[in-house]
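A.B. asks: Here is my input; please provide its structure:
(one chain, ligands or ions: 2)
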Amino acid sequence: MKEFQSQRIGYGEDAHALGAGRPLIIGGITIPDSPHGPVAHSDGDVLFHALADALLSAFALGDIGLYFPPSQAEFKGLDSLVIIERVWQLLLEQVSDFSVVNLAAVITLDQPKLGPQRSVIQANVAELLNLPLDRVGIGFKTSEGLSPQHIQARVSVLLRGHLRG
Ligand code: C5P
Ligand code: MG
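C.D. replies: Ligands and ions are numbered 1, 2, ... in the order given. Next up, the predicted model:
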C-alpha cells in the first residue's frame, strides 16, 4: 500500500499552428524534410512542452507558463531542453525520492509521417529521463485531414515521490 501512496499520474498537452519552411522539432529531434514546422515563440517542441507540463502536473506545481511566460523576450527561440532541465531541477528540489516510472505520448500530425523517426525520438526522451526504452511509449496519429496545419502532443507520466512539506 505504501508503494502506491507515492505514485502520481501527470498529464500535459501542447499544440501549435504549422507554418511553411519552419523546422519541425519533436522530442529534441529535428524531423528531416518536413514541409512545415510550428509557429512558436520557442523552438515549438510540442513533445517537450507537453512533457514539462505532465511532470509539473503530477505534483500540482502549475504549468510551464508559470515559469516561462511566453510574453518574455528571453524565451524567444528557447531550446526546450532548457525547459525540461529547469522543470527537472524544480522536481528534485520539491520532491523527495523523485523518480519516473514510465511515459506514454501521442503526437497528432498529418504530415510528414513520423514512424521512421519513432526510435530516435524514443531514445532521446529515454536518455533525457534516464529510462529504459520499454518505459517510453511514443505513438503517432493523423487528424484524418481535419487539422492539416496543426500539431499536438499529449503526454502522460507516472511518477513517484513525496512532496517536501
Ligand atoms: O491517424 P491514423 O490512425 O490514420 O494513423 C495511422 C498510423 O500512421 C499511426 O498508427 C502511426 O503509426 C502512423 N503515423 C505516422 N506519422 C504521422 C501520423 C501517423 O507515422 N504523422
Ligand atoms: Mg485511424
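A.B. asks: what about stretch 41-59, near ligand 1?
C.D. replies: No. Figure legend: stretch 41-59 not in contact with ligand 1 (CB under 6 Å from any ligand atom); closest approach 12.3 Å. Backbone N, C-alpha and C define where each C-beta goes, glycine included.
A.B. asks: Just list the residues touching Trp88, thanks.
C.D. replies: Each residue near Trp88 by CB atoms under 8 Å, 6 or more residues apart in numbering is listed here: Leu55.
A.B. asks: where does it fall, helix, sheet strand or coil?
C.D. replies: Of the three states, Trp88 takes helix under DSSP: H, G, I helix; E, B strand; the rest coil.
A.B. asks: Please report how far it lies from ligand 1.
C.D. replies: 28 Å (CB to the nearest ligand atom, to the nearest Å).
A.B. asks: tell me the pLDDT at that residue?
C.D. replies: Listed pLDDT for Trp88 reads 97.
A.B. asks: Check the one 10 residues further on too.
C.D. replies: Note for Phe98: predicted pLDDT of 97.
A.B. asks: where does the closest residue to it other than its chain neighbours land in three-state SS?
C.D. replies: Spatial nearest neighbour of Phe98, excluding adjacent residues (CB to CB, 6 or more residues apart in numbering): Gly161 at 3.9 Å. Look at Gly161: counting by three-state DSSP, its state is strand.
A.B. asks: Burial check on Gly161, number of neighbours?
C.D. replies: Using other CB atoms under 10 Å, Gly161 is surrounded by 19 other residues.
A.B. asks: pretty sure it is touching Gly10, no?
C.D. replies: No. At 11.2 Å, Gly161 does not count as touching Gly10 under the criterion of CB atoms under 8 Å.
A.B. asks: Name the residues contacting each of these two.
C.D. replies: Common neighbours of Gly161 and Gly10, counting by CB under 8 Å, 6+ apart, are Phe59.
A.B. asks: What's the separation between Val87 and ligand 1?
C.D. replies: Distance from Val87 to ligand 1, by CB to the nearest ligand atom: 26 Å.
A.B. asks: Would you enumerate the residues in contact with that residue?
C.D. replies: Counted by CB under 8 Å, 6+ apart, Val87 has contacts Ala52, Leu55, Leu56, Ile64, Tyr67.
A.B. asks: List buried members of these by neighbour count.
C.D. replies: Taking 16 or more other CB atoms under 10 Å as the criterion, what is buried in those is Ala52, Leu55, Leu56, Ile64.
A.B. asks: Hmm, the last one is touching His49, no?
C.D. replies: Yes. Applying CB under 8 Å, one finds Ile64 in contact with His49, separated by 6.3 Å.
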